[in-house]
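Undergrad: the sequence and its predicted three-dimensional model are supplied below.
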Amino acid sequence: MTMNSGAFGRVPRIPPKPELPDLAAARRLGPAETVEARWQQQLLVWRWYHERFEALHPGNDYPGIVALIEAAGAEPKLRQLYPFTSHFRLLFSSCTRYPWSVQAPSIEPLPDGRFHVRRPRSFEDIGVTHTAGTAVALAVDNLPAGLGPAVDSQGDGSRG
């Protein structure tokens, strides 16, 4: 048996890294453009991570972060906020610069395929849902009144 045959010889095909929108250029255009570029970045990066994981670990489950970003990005009330992730949790800031100002619920894809929605700046449960779309709807239902588009400033450092 040669080194290139069998299971040991299989070299996974890693997809090329995506070309990301220029966040610095978007910042020069304003907060709406910054938020849009960030949504695009998040989706491209997490799709690439997912494809890379599947190439390296075929048959293993990957958290539903891509479906979550797609569902959240399709919701206008969340799409106006600056998205970022931490430990697979999707969070939303009303400011486009660090430290973030997190006033919206966060959503975490769970290993069993469900989604956990939590109150901002805490681990307090709002609920667990079976789909990304339902989790997004639950997060939107728990947005503070009057939460508008993200602004080009630093937040108060409150993280979800």
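TA: Cool, the structure landed. Everything numeric here is computed off the predicted structure, so don't read it as measured data.

Undergrad: the residue lying closest to Pro15 once chain neighbours are set aside: which element?
TA: Once flanking residues are discounted, Pro15 sits nearest to Glu51: 4.5 Å by Cβ to Cβ, 6 or more residues apart in numbering. Any C-beta I mention is one placed from the backbone N, CA and C, and that applies to glycine too. For Glu51, the element it lies in under DSSP states H and E is helix 31-56.

Undergrad: between the helix or strand following that helix and helix 31-56, how big is the angle?
TA: Using DSSP H and E, the helix or strand that follows helix 31-56 towards the C-terminus is helix 65-73. Relative orientation of helix 65-73 versus helix 31-56 (axes from the mean of the first three to the mean of the last three Cα atoms, to 10 degrees): 160 degrees.

Undergrad: which parts of the helix holding Glu51 are buried?
TA: For helix 31-56, a neighbour-count test (16 or more other Cβ atoms under 10 Å) marks 31, 33-48, 50-52 as buried.

Undergrad: that helix - contacts with which helices or strands?
TA: On a contact count with 3 or more Cβ pairs under 8 Å, 6 or more residues apart in numbering; DSSP states H and E, helix 31-56 meets helix 23-29, helix 65-73, strand 82-86, strand 95-97, strand 151-154.

Undergrad: weakest of those in terms of mean pLDDT?
TA: Of all these, the minimum mean pLDDT falls on strand 151-154 (a mean of 85).

Undergrad: contacting residues around that one?
TA: Arg27, Gly30, Pro31, Thr34, Ser94, Cys95, Thr96, Arg97, Tyr98, Pro99 (Cβ atoms under 8 Å, 6 or more residues apart in numbering).

Undergrad: with just CA atoms, put that strand into PDB.
TA: C-alpha atoms of strand 151-154 as PDB (Å, rounded to 0.1, in the frame of the first residue of the first chain):
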ATOM      1  CA  VAL A 151     -24.600  54.700  14.600                       C
ATOM      2  CA  ASP A 152     -20.900  55.400  13.800                       C
ATOM      3  CA  SER A 153     -19.600  55.600  17.400                       C
ATOM      4  CA  GLN A 154     -18.300  53.500  20.200                       C
END
